[in-house]
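Here is a sequence with its predicted model. Questions after.
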Amino acid sequence: MKSRKSLKSLVVMAGLVAGLGMNAQAMEVGGVKLDDTVKVANQELKLNGAGLRTWAVFKVYAAGLYLPEKKKTVPDVMSVTGPRRIRLVLLRDVNNEELGQAFMDGLNANSDKTEKAKFVNQTMKMGEIFASIPKLSKGDTITVDWIPNSGSHVLVNDKRVGEVLPDLAFSNAFLRIWLGEKPVDNTLKQALLGS
């Protein structure tokens, strides 16, 4: 009887230790915990890197980039053929105009005219998605999942909004907002690349 009690205590302790280990794997950025792994299209993705988007003295959002395996360079990230995810957790209230304009500025700064012409319809649809969200509050999330043979799925607070955006070139251009030659935040770019 005593040995059963001891065994039961060991099992409980092992469970607690395992639970603590799992929580330690979540990365904290700006007070936001980002999961170490997520599932997209039935595939496990790893947190490649995470960081803060700051503007002047304000923390705007925490961002995490998820890939099937860790990548350290922009060309390697862009060559990923499987699913991938970028997740933003807002650290302040933002209206849709501010957010939409920030994304458009990032797209324009990191795409040339020829490239932009290829996905102008998807850019307009992304604009419609932002226009449909009147306001985002601190703690709200924006997630964009690239799923091969489907496209980019935009989720706000884990609920899909708008149409699927099917073009990989658009998905790459969207990622270049953070990873391009003129990223919205150089420090965040390095953080997303795990540097």
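Perfect, I can see it now. Small disclaimer: the values here were computed from a predicted structure and weren't measured.

all helices for this structure, in order.
Along the chain, the segments classed as helices by DSSP state H run 2-25, 74-78, 96-109, 113-118, 120-131, 168-179, 186-192.

Against which helices or strands is the second one packed?
Put plainly, it is helix 74-78. helix 168-179 (3 or more C-beta pairs under 8 Å, 6 or more residues apart in numbering; DSSP states H and E). (Glycine included, C-beta is placed from N, CA and C.)

got the angle for the helix it packs on vs helix 96-109?
Here helix 168-179 runs at an angle of 100 degrees relative to helix 96-109 (axes from the mean of the first three to the mean of the last three C-alpha atoms, to 10 degrees).

Run through the bridge partners of Tyr61.
Beta bridges link Tyr61 to Arg53, Leu90 when assigned by DSSP bridges.

Out of the helices of the chain, which one sits most buried?
Burial of the helices of the chain is given as mean neighbour count (mean count of other C-beta atoms under 10 Å); helix 168-179 ranks first at a mean of 22.

And the average pLDDT for that one is what?
On average, the pLDDT along helix 168-179 is 95.

That helix to helix 120-131, inter-axis angle?
50 degrees.

to the chain's geometric centre, what's the distance from helix 168-179?
12 Å (C-alpha atoms, centre = their mean, to the nearest Å).

Check stretch 57-72 too.
6 Å.

And it, what's buried?
Buried residues in stretch 57-72, counting neighbours by 16 or more other C-beta atoms under 10 Å, are found at Lys59, Val60, Tyr61, Ala62, Ala63, Gly64, Leu65, Tyr66, Leu67, Pro68, Lys71.

among those residues, which two are most distant?
Longest distance between any two of the buried residues of stretch 57-72 is 29.2 Å, between Lys59 and Pro68; criterion C-beta to C-beta.

Can you find the helix or strand of this protein with the lowest average pLDDT?
helix 2-25 (a mean of 41; mean pLDDT, DSSP states H and E).

For Met78, give its distance to Arg84.
10 Å (C-beta to C-beta, to the nearest Å).

list residues touching both of those two?
Both Met78 and Arg84 are contacted by Leu175, under the criterion C-beta atoms under 8 Å, 6 or more residues apart in numbering.

picking that back up, need the buried residues of stretch 57-72 in CSV (columns: pLDDT and distance to Gln190).
Shown next, in CSV, are these (pLDDT from 0 to 100; distance: C-beta to C-beta, whole Å):
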residue, pLDDT, distance to Gln190
Lys59, 93, 17
Val60, 93, 17
Tyr61, 95, 16
Ala62, 97, 15
Ala63, 98, 12
Gly64, 98, 14
Leu65, 98, 12
Tyr66, 98, 17
Leu67, 98, 16
Pro68, 97, 21
Lys71, 97, 13
